[in-house]
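J.: below: sequence and its predicted model.
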Amino acid sequence: MVAGMDAGREAGLVSSGTAQTSECRQYHEVAQAADWGARATRGPRANSIENSGLQVVMAGFAARSERAQSGLTPNYPSIIMSTFGRILASVQLGVQPMKRLGIALAIMICGLSATASLAADDSIKNIQDSGVLRVGMASAPPYQSPNPATGEYEGYNVDMAKGVAAVLGVKLQIVDSSWSTLVPGLLDHKYDVIMANIFATPERALVVTFTQPYFLYGLDVIVKTDGPIKTMDDLKKPGVVFSGLSGGVDATYPAQIYPDSKTNALVSDDPSASVLQVLNGQADAAMVDPSLYLLLRGKNPAVAKGTMRLNTDAEAIRRTALCWAVRPEDQRLVNFLNVFIQSKVSTGESDALQAKWYHTLEAQQ
């Protein structure tokens, strides 16, 4: 199986994206067919190409190449087949030439598959044809939250979403959601993209595709000022009760980090619900976005007096990437968003927007 394994490794090197990976995995069988052909050439009928298994490989390749006859690459199959024909003509019987053929074939198939997948991805075209970019958000100031006076969403991600819509040449529609329904809503096509301070976790990456990060941060641990939890080590004691919003990392992290703890997973659209449980003695601690806690302290004197941050900056819980998310099949959209984010980060516009909205948050205290 030398040729098959080498072909698989080569194919893996040229296929790192989500769209390519699944296709290349399917074509491992093609690499195995090439390897079978190589072994056949060592037998008594080595003088016959027909008995080497190459016809099986060619047939599979030709069938898959039909997918690339639409979209941006109508002539791609003929180019690939012509290239393969030249490789096939140069193959001499023996293990090493057949090994090279298997590797070259696997690479070409993965390239064709990736091109065909992108050709079938109409995510950007569909948005532009509809004239509207639908963005899913859940309240979490200063990143995105409804203005108390107007009810309209505002914040860092709102400004970024307006920029994305402007580049696409469409209108912006913000779809209000909750943290527990944010990802399901994306998968149900209720919006085109999630633009919120959503943590990129391995579990979520199984069902959505994340953009590159636009910010990195960790959570604060909030406890009652006169409560029993005085140090971070106290959180390791059995029976500590955390509070968090269902569907958010604040509800899943506690059990992962402190196995002997319990968690009240709250179904609520109120981002302050977990902190209020701590304040009211219904929970011992809550993992909270630092900016949200800053806002709550400014708006609610009881929160400012009755609760406190337990951790230092160095002890922030799981510094994690904040990203946007799209459906796995929307590769062109995520590529575009990555370039947009990189542009805003490299020019300093992203930092300026964050400073603007943090200043707005502080001014509200």
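T.: Thanks, I have it.
J.: for residue 183, give its distance to residue 338.
T.: According to C-beta to C-beta, to the nearest Å, residue 183 and residue 338 sit 19 Å apart. C-beta coordinates here come from the backbone N, C-alpha and C atoms, glycine included.
J.: domain map for the chain?
T.: Domain segmentation of the chain under automatic domain parsing yields 2-119, 124-203+328-360, 216-319.
J.: returning to that earlier point: looking at residue 183 and residue 338, which is more packed in?
T.: Shown here are residue 183 and residue 338; by other C-beta atoms under 10 Å, residue 183 has more neighbours (18 against 15).
J.: next up, the contacts around the more buried one.
T.: Counting by C-beta atoms under 8 Å, 6 or more residues apart in numbering, residue 183 makes contact with 194, 204, 207, 208, 247, 325.
J.: in helices, which of the residues you listed fall?
T.: Counting by DSSP state H, the part of the contacts of residue 183 found in helices is residue 204.
J.: now the contacts of residue 183 in JSON lines, with distance to residue 236?
T.: Listed next are these as JSON lines, based on distance: C-beta to C-beta, whole Å:
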{"residue": "194", "distance to residue 236": "34"}
{"residue": "204", "distance to residue 236": "27"}
{"residue": "207", "distance to residue 236": "32"}
{"residue": "208", "distance to residue 236": "32"}
{"residue": "247", "distance to residue 236": "26"}
{"residue": "325", "distance to residue 236": "33"}
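J.: so which residues of the stretch 101-250 of the chain form strands?
T.: Secondary structure of the stretch 101-250 of the chain (DSSP state E, counting those that start in this stretch): strands at 132-137, 145-146, 153-154, 171-176, 193-199, 209-210, 215-224, 241-245.
J.: may I see the ones you listed arranged in JSON lines, with distance to residue 270, mean pLDDT and mean neighbour count as well?
T.: Conversion of these to JSON lines gives the following (distance: least, C-beta to C-beta, whole Å; pLDDT from 0 to 100; neighbours: other C-beta atoms under 10 Å):
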{"stretch": "strand 132-137", "distance to residue 270": "15", "mean pLDDT": "98", "mean neighbour count": "22"}
{"stretch": "strand 145-146", "distance to residue 270": "12", "mean pLDDT": "94", "mean neighbour count": "18"}
{"stretch": "strand 153-154", "distance to residue 270": "16", "mean pLDDT": "96", "mean neighbour count": "18"}
{"stretch": "strand 171-176", "distance to residue 270": "14", "mean pLDDT": "98", "mean neighbour count": "16"}
{"stretch": "strand 193-199", "distance to residue 270": "16", "mean pLDDT": "94", "mean neighbour count": "25"}
{"stretch": "strand 209-210", "distance to residue 270": "26", "mean pLDDT": "98", "mean neighbour count": "21"}
{"stretch": "strand 215-224", "distance to residue 270": "15", "mean pLDDT": "92", "mean neighbour count": "20"}
{"stretch": "strand 241-245", "distance to residue 270": "8", "mean pLDDT": "95", "mean neighbour count": "25"}
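J.: relative to residue 233, which of those strands is closest?
T.: Evaluated over the strands of the stretch 101-250 of the chain, closeness to residue 233 peaks at strand 215-224, with 11.8 Å, by C-beta to C-beta.
J.: coming back round to it: ok, of the contacts of residue 183, which come out buried?
T.: Buried subset of the contacts of residue 183 (neighbour count, 16 or more other C-beta atoms under 10 Å): 194, 204, 208, 247, 325.
J.: of those, closest to residue 162?
T.: Looking across these and measuring by C-beta to C-beta, the closest to residue 162 is residue 194, at 16.0 Å.
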